[in-house]
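> Quick one: sequence plus predicted model below, questions after.
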Amino acid sequence: MLPFNRPTLIVVLALVAVIFGLRQWGSAPPEEIRKSRILMDTVVEITVFGSPSLPLQESVDAAFKEMERIEALTSFFEEKSDLSRLRGDAGFEVSPETAAIITTGLEIAAASGGAFDMTLGRLKNIWQIEGDQPRLPQPEEIQEALSGSGFGALVLEGRRLVRRAPETRIDLGGIAKGYAIDCAIAVLKKAGIEHAAVNAGGDIRMLGDRRGQPWRIAIQHPRQPNRYLGRLLVRDVAVVTSGDYERFFEKDGIRYHHLFDPRTGYPATASQSVTVLADKAVLADALATAVFVLGPKEGIALLDKFPGTEGMIVGADGTPVYTPGFGKLIEWHGN
Amino acid sequence: MAWKLIFSRMTLMDGVIIIALLAGIVSSFIYMGQRREGSRVVVEREGKILFAASLDQEREVSFSGPVGETVLIVRRGAAFIRRSDCRDKVCVRMGEVAKVGDWIACVPNRLLVRVEGDEKGDKREYDILSR
């Protein structure tokens, strides 16, 4: 009697071959979900990777919903938002979310000597750069619009927000988007997702890596729309870029853009673009605006005050200046 | 002998099938054992990326850590630690890394140097544009 017959031998070998085949090709790749929506005046794209057993679709939808909620709380134009209530009252209690945004904003405002300013609502309104009909206001209009703005114009006592002057109008445009991105990431994390990116018009926060690889984040060239300056290879970090090329108009050869210098009431002229890396998008967002206003030298000094942040400033002459840590993360394009 | 009996009963087709299956298994082993050349080196500390660069770009980068400096060299498609202030110099002795998945660790200075490759068929230069 033989220990095995011919078909048995073939079946055993075939089984072994199948097992190897399954090991090599059979591991199910993680599913990728990518969805986009228009929110906060920009296109928001959420990408998640994860096991098909995770509620990927539902989590992405919940993350968008969370961003919508933050937008509703922080928009000046939403009827029931915290800020629209501030139109009438000198002071009142704001939501924990608005309080968190304003706390970070006030911290950056103090550290930057007022270069970051959440009280430029009236100034932005007369320039209308983000509206349909941008215009160059008269100098006296600008001076008038600056009254009631500046560091100290807004005070947060616990959750009670107080304006020092009745004409102060809050604008959280330079910070609320970052906060909303952080909230979306928190929703995804809570759902068990470990690999994701939330990209709100180029302001990005990543959760984990991209399926075992770092995320490759290209930095827009500030003067050549179809080029990028370089590529960051990063994970678990927020990357925010602010530039004078995003929203602007030109008159008599001068570019007027949306990032204002609170000291003059005119668009800041020290930088072409700024990229900031930080743990949270809210911090990166506010710092990018402040650093843009301050320019290369003072901007790098501001980043030094916030451990864990890195950044690059493309100065008015087009020269990039960056922190040592940023230099280690970027692959320059064309090199 | 049992084996003699088996071989005497085998037809030509039996032989073809068995050789084909064995060839499949052996080539699977070979394929799984192969590792692709890496395209970039990534340096991490406690899960945070400190440095990333193409393996094609010649670089010399110094990293400060709890025990001093560790100097990484990237040259001709490979990376290695040239010098480190750590006691045992295990990282220096680990030599060059060049293939996907290769790594060098300097435990005292808490540095992990990894080689990574691009995904197959991924022709994009980046994932997201920050603007």
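Ah, there it is.

> shaky segments in chain B?
Low-confidence segments of chain B (pLDDT under 70): B:1-2, B:28-36, B:119-123.

> what does it put close to chain A?
Residues of chain B lying close to chain A by C-beta under 8 Å from any C-beta of the partner chain are B:2, B:5-6, B:9-10, B:14, B:17-18, B:21-22, B:24-25, B:28-29, B:31-32, B:40, B:42-43, B:47-54, B:57, B:61, B:116, B:118-119, B:124-131. For the C-beta atoms, the positions are set from N, CA and C on the backbone; glycine is no exception.

> Can you say which of the residues you listed are buried?
B:6, B:14, B:17, B:21, B:24, B:28, B:40, B:42-43, B:49-54, B:61, B:116, B:126-128, B:130-131 (16 or more other C-beta atoms under 10 Å in any protein chain shown).

> helix or strand right after the strand or helix carrying A:Ala301?
Element membership for A:Ala301 (DSSP states H and E) is helix A:296-304. As assigned by DSSP H and E, the chain's next helix or strand after helix A:296-304 is strand A:310-315.

> what about stretch B:68-77, distance to the chain center?
Relative to its chain's centre, stretch B:68-77 lies at 17 Å (C-alpha atoms, centre = their mean, to the nearest Å).

> Same check on stretch B:77-93?
With C-alpha atoms, centre = their mean, you get 17 Å for stretch B:77-93.

> Stretch B:93-101 too?
Worked out by C-alpha atoms, centre = their mean, stretch B:93-101 lies 7 Å from the chain centre.

> Name the residues of that stretch that come out as buried.
B:94, B:97-98, B:100.

> closest to A:Phe306 among those?
Comparing these against A:Phe306 with C-beta to C-beta picks out B:Val97 as the nearest, at 33.7 Å.

> surely that closest one meets B:Arg75?
No. Using C-beta atoms under 8 Å, B:Val97 is not in contact with B:Arg75; the gap is 11.9 Å.

> picking that back up, would you point out the most distant pair within the buried residues of stretch B:93-101?
B:Met94 and B:Val100, at 16.5 Å, using C-beta to C-beta across the buried residues of stretch B:93-101.

> Find the nearest non-adjacent residue to the residue nearest the centre of chain A, please.
Compute the mean C-alpha point of chain A, and by C-alpha atoms, centre = their mean the closest residue is A:Asp203, 3.2 Å away. Of all residues not flanking A:Asp203 in the chain, A:Val240 sits nearest, at 4.5 Å (C-beta to C-beta, 6 or more residues apart in numbering or on different chains).

> cool, and B:Val43?
B:Phe51 (4.1 Å).

> Which ones among the buried ones among the residues of chain B next to chain A map onto strands?
The strands, defined by DSSP state E, take in B:40, B:42-43, B:49-54, B:61, B:116, B:128, B:130 from those.

> biggest separation within these, which pair?
B:Val61 and B:Ile128 (25.0 Å).

> what about stretch A:146-158, how long is it end to end?
This stretch, stretch A:146-158, spans 26 Å end to end (C-alpha to C-alpha, to the nearest Å).

> Return the set of buried residues in it.
Buried residues in stretch A:146-158 (16+ other C-beta under 10 Å): A:146, A:148-151, A:153-154, A:156.

> in the stretch 51-200 of chain A, what residue is nearest chain B?
A:Asn199 (5.1 Å; C-beta to the nearest C-beta).

> so which strand or helix has that residue?
strand A:195-200.

> which residues in chain B form helices?
B:2-9, B:12-33, B:90-93 (DSSP state H).

> Mind giving me the packing neighbours of the first one?
Right, helix B:2-9. Identification of packing neighbours for helix B:2-9 by 3 or more C-beta pairs under 8 Å, 6 or more residues apart in numbering or on different chains; DSSP states H and E yields helix A:6-25.

> Next, the contact list for A:Ile113, please.
Actually, residue A:113 is Gly rather than Ile. A:Gly113 makes contact with A:Phe151, according to C-beta atoms under 8 Å, 6 or more residues apart in numbering or on different chains.

> Just to be sure, it is in a helix?
No. A:Gly113: not assigned to a helix; according to DSSP: H, G, I helix; E, B strand; the rest coil it is coil.

> Tell me, how many residues neighbour A:Arg122?
20 (other C-beta atoms under 10 Å in any protein chain shown).

> same question, A:Phe260
26.

> I figured it was touching A:Leu123, is that so?
Yes. Counting by C-beta under 8 Å, A:Leu123 is a contact partner of A:Phe260 at 6.0 Å.

> Contact distance from chain B - what residues of the stretch 201-335 of chain A qualify?
Within the stretch 201-335 of chain A, the positions adjacent to chain B are A:201-204, A:210-211, A:213-220, A:228, A:231-236, A:239-241, A:243, A:246, A:275, A:325, A:328-329, A:331, A:335 by C-beta under 8 Å from any C-beta.

> Strands - which of those residues land there?
Per DSSP E, the subset of these in strands is A:203-204, A:215-220, A:228, A:231-234, A:239-241, A:243, A:275, A:331.

> Now which of the residues you listed would you call buried?
Neighbour-count burial (16+ other C-beta under 10 Å) applied to these gives A:203-204, A:215-220, A:228, A:231-234, A:239-241, A:243, A:275, A:331.

> Downstream of the helix or strand bottoming out on mean pLDDT in chain A, the next helix or strand is which one?
Least confident helix or strand, chain A: helix A:6-25 with a mean of 65, by mean pLDDT, DSSP states H and E. Note on helix A:6-25: by DSSP H and E, the next helix or strand toward the C-terminus is strand A:31-39.

> Sheet partners, orientation included, of that following strand?
Paired strands of strand A:31-39, with direction, are strand A:42-50 (antiparallel) (DSSP bridges).

> what does the strand it pairs with contact?
A:30-38, A:56, A:59-60, A:63-64, A:67, A:177, A:184, A:188, A:192-201, A:210-211, B:128.

> swap in stretch A:245-256?
Here stretch A:245-256 has contacts from A:127, A:129-130, A:134, A:136, A:220, A:222-223, A:225, A:244, A:257-258, A:266-267, A:272-273, B:131, using C-beta under 8 Å, 6+ apart.

> can you list the domains in chain B?
B:2-33, B:40-116 (automatic domain parsing).

> could I get those domains as JSON lines with distance to A:Gly50?
Formatted as JSON lines, the domains of chain B follow (distance: least, C-beta to C-beta, whole Å):
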{"stretch": "domain B:2-33", "distance to A:Gly50": "25"}
{"stretch": "domain B:40-116", "distance to A:Gly50": "19"}
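
> A:Ile108: which of those domains is closest?
Of those, the one closest to A:Ile108 (C-beta to C-beta) turns out to be domain B:40-116, at 22.5 Å.

> Now restrict the contacts of strand A:42-50 to buried residues only.
A:30, A:33, A:37, A:56, A:59-60, A:63-64, A:67, A:177, A:184, A:188, A:193-201, A:210, B:128.
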